[in-house]
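**Q** What shape does this take:
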Amino acid sequence: QVQLVESGGGLVQPGGSLRLSCAASGSIFKVNDMGWYRQAPEKERELVARITSDGVTDYADSVKGRFTISRDNAKNTLYLQMNSLKAEDTAMYYCLGTITTLWPSGSRNYWGQGTQVTVSS
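**A** Got it, this is the predicted structure:
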């Protein structure tokens, strides 16, 4: 009943930029904390950045100063602006949202299907 759909991935050269989006839809009462995670081949999924419903942000050390997470609460949409991209940023990027629904009643985590980011010359 709740879906998270990512978009904006693609192939970019080192030093380039991409902007990822994640739109939440369905029977949503409230979208709480949201975050971006990534998983490279043969590696574990890792946190990239997260943001609370009040806009407090947190970043992995590897992306500080290059990535910016933001959200539009009116649109239930999460963004990730990625600048100065490096080859090591290549991964599948996933959106995570902690979402409160009225039916069924309660809060739980929802994952998007992922969007591929490839940084290569």
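
**Q** you'd agree Glu88 is in a helix?
**A** Yes. Glu88: assigned to a helix according to DSSP: H, G, I helix; E, B strand; the rest coil.

**Q** which ones are touching it?
**A** 62, 119 (CB atoms under 8 Å, 6 or more residues apart in numbering). No exception for glycine: its C-beta is placed from N, CA and C like everyone else's.

**Q** Tell me how far it lies from Lys43.
**A** 10 Å (CB to CB, to the nearest Å).

**Q** ditto for Tyr59
**A** Applying CB to CB to Tyr59 and Lys43 gives a distance of 18 Å.

**Q** more neighbours, the two?
**A** Tyr59 (18 against 9; other CB atoms under 10 Å).

**Q** Could I get the contacting residues of the spatially most central residue of the chain?
**A** Closest to where the C-alpha atoms of the chain average out (CA atoms, centre = their mean) is Trp36, at 2.9 Å. Contacts of Trp36 were listed using CB under 8 Å, 6+ apart, and they are 20, 22, 47-50, 69, 78, 80, 93-96.

**Q** of the residues you listed, closest to Lys30?
**A** Using CB to CB, Leu78 is the member of the contacts of Trp36 that sits closest to Lys30, with 14.2 Å.

**Q** State the pLDDT value of the closest one.
**A** According to the prediction, Leu78 has pLDDT 98.

**Q** Who's the closest spatial neighbour of it, skipping the chain neighbours?
**A** Cys22 (4.2 Å; CB to CB, 6 or more residues apart in numbering).
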